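A.B. asks: sharing a sequence plus its predicted fold:
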Amino acid sequence: MLDVTLRNKAKSLLLPSKRGNVPPFMVMDVMAAAARIEAQGGHVVHMEVGQPAAPAPKTAIAAARAALDLGRLDYTSALGIPSLRQRISRHYFEAHAQEIDPERIVVTTGSSGAFVLAFLSMFEAGDRVAVTVPGYPPYRHILTALGCEPVLIETTAETRHALTGDMLLAAHAKTPLKGVLVASPANPTGTMMTREAMSGLIAAADSAGIRFISDEIYHGLDYAFPATTAAALSPDVLVINSFSKYFCMTGWRVGWMVVPQPLIRAVETLQQNLAISVPTLSQIAAQAAFEGGAEMDILKHGYQDNRRVLIEGLPKAGLDQFLPADGAFYLYADVSKFTADSFDFARRMLEEAHVAATPGLDFDPLHGRSFIRFSYAGSTPDTIEGVTRITKWLSAARP
């Protein structure tokens, strides 16, 4: 009897906390399922994950090799290597004609680490933070894990699936908000906000005392018009960016934040305790990556070709309804004429056509069953092959 009691007690001790009980990031599960097919000899066209097929810039790799030859990699400042922070500051002047004090720049472990630092430094447990749907799922999941309440604001075609000041203030009027997070270009939609739209949204947030976070991880990957950084519109916004997407450095896990002056010390002490510092090798490579812009722009032209392949090819397969693909490397397609369950649609497309894509439920718990996200971050031949397979698969499925 005592053994049974002890075993039951041990089981209760091993249950996850409520904060740890967050939904999975579904795209990672799709990747795992695709890997199992490939382990059995199948060839999967990967359109599920937002990961460039190309490697990091040659300049970044060369800098990393040189650093490894020196043999010793120490901790850096919690805020990042000073020369990297200065180079990021210079990037804002080159790309946006905007002067940013390097002291406001914090190097992070990818954008994911930046979200944790941002949420912890800006919000208390229980604070309500607005995010749009469809939107990047870890926004909601990280907020929940940290004890905050994500407030979902549904976007529509009328606003090109971008948040407006009126929508934000309407949600705030129902129950007060402490913060809002927006992305432009956005994941999964690819939607971008014009400078005027971004400025109006920031002004609305400021008028209501709502703290503003801008996710700019897909900057540099803009096709419809140049992306605007929120850092150019207000010193009080917190901007998050990363080397993962434009610079093809997903596995290096290095990003940055532009932090309002009053929050710098809080972010620094949090970083000291949570991570000590970002991996030194990644920081060295990231600084050198800025000198590989010409190489990255060639890749951007490849994404534009892939975007064209999807926009022209998917309607011929019957997927003729999708959201504006202004930037990033995603196309968010309506599959409701084929299914009422995008998760099952994605599963069958992977198993039967060997094309991996992400069900919309990952991005939108309200209407995601009607959508699939296709990533066009891979090669153009793979993108063409993916569209060919989808077309054959959907044609065979029709009566």
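C.D. replies: Looks like it came in fine.

A.B. asks: from here on, just use CA atoms for contacts and neighbour counts.
C.D. replies: Noted.

A.B. asks: point out where this structure drops to low pLDDT.
C.D. replies: Scanning the chain for pLDDT under 70 picks out 1-14, 24-25, 397-399.

A.B. asks: quick one: the helices in it?
C.D. replies: When assigned using DSSP state H, the helices of the chain occupy the ranges 2-13, 26-39, 58-70, 82-96, 110-122, 137-145, 165-174, 195-207, 264-274, 280-289, 293-317, 342-348, 380-397.

A.B. asks: give me the number of residues near Ala171?
C.D. replies: Ala171 has 15 neighbours, counted by other C-alpha atoms under 10 Å.

A.B. asks: from Val151, how far off is it?
C.D. replies: Distance, Ala171 to Val151, using C-alpha to C-alpha, to the nearest Å: 8 Å.

A.B. asks: again, but for Ile202
C.D. replies: 18 Å.

A.B. asks: and Asp222, by the same measure?
C.D. replies: Asp222 is 28 Å from Val151, by C-alpha to C-alpha.

A.B. asks: returning to what we had before: pick out whichever of Ile202 and Val151 has more residues nearby.
C.D. replies: Neighbours were counted for Ile202 and for Val151 using other C-alpha under 10 Å; Ile202 has more, 24 against 20.

A.B. asks: excluding chain neighbours, what is closest to the more buried one?
C.D. replies: Spatially, and ignoring its direct neighbours in sequence, Ile202 is nearest to Phe212 (7.0 Å; C-alpha to C-alpha, 6 or more residues apart in numbering).

A.B. asks: ditto for Gly135
C.D. replies: Closest to Gly135 by C-alpha to C-alpha, 6+ apart is Phe363, at 5.0 Å.

A.B. asks: quick one: the one you found and Pro137 touch, right?
C.D. replies: Yes. Phe363 lies in contact with Pro137 (C-alpha atoms under 8 Å); the separation is 5.4 Å.

A.B. asks: those two - which one has more neighbours?
C.D. replies: More neighbours surround Phe363 than the other of Phe363 and Pro137, with 29 against 22 (other C-alpha under 10 Å).

A.B. asks: for the more buried one, give its distance to Met47.
C.D. replies: Distance, Phe363 to Met47, by C-alpha to C-alpha: 15 Å.

A.B. asks: pick the most buried one from the helices of the chain.
C.D. replies: helix 280-289 (a mean of 23; mean count of other C-alpha atoms under 10 Å).

A.B. asks: could you give the angle of that helix to helix 82-96?
C.D. replies: Using axes from the mean of the first three to the mean of the last three C-alpha atoms, to 10 degrees, the inter-axis angle of helix 280-289 relative to helix 82-96 is 30 degrees.

A.B. asks: which outside residues touch helix 280-289?
C.D. replies: Helix 280-289 has contacts (C-alpha atoms under 8 Å, 6 or more residues apart in numbering) with 56-64, 67-68, 73-76, 80-81, 83-84, 87-88, 243, 247, 252-254.

A.B. asks: that one vs helix 58-70, what angle?
C.D. replies: Going by the same axes, to 10 degrees, helix 280-289 makes 140 degrees with helix 58-70.

A.B. asks: can I see the domain layout of this structure?
C.D. replies: 2-55+294-397, 72-291 (automatic domain parsing).

A.B. asks: ok, Val237 - contacts?
C.D. replies: Val237 is in contact with 211-214, 230-231, 259-260, counting by C-alpha under 8 Å, 6+ apart.

A.B. asks: please apply the same query to Arg307.
C.D. replies: 325, 329, 331, 376.

A.B. asks: swap the cut-off to 7 Å and go again
C.D. replies: Neighbour list for Arg307: Tyr376 [criterion: C-alpha atoms under 7 Å, 6 or more residues apart in numbering].

A.B. asks: same question for the one 10 residues further on.
C.D. replies: Taking C-alpha under 7 Å, 6+ apart as the criterion, Ala317 is in contact with 390-391, 394.

A.B. asks: so how far is Leu350 from it?
C.D. replies: Applying C-alpha to C-alpha, one obtains 16 Å for the distance of Ala317 from Leu350.

A.B. asks: so for Thr76, what's the nearest residue that isn't a sequence neighbour?
C.D. replies: Closest residue to Thr76 in three dimensions, ignoring its sequence neighbours and counting by C-alpha to C-alpha, 6+ apart: Ser277, at 5.9 Å.
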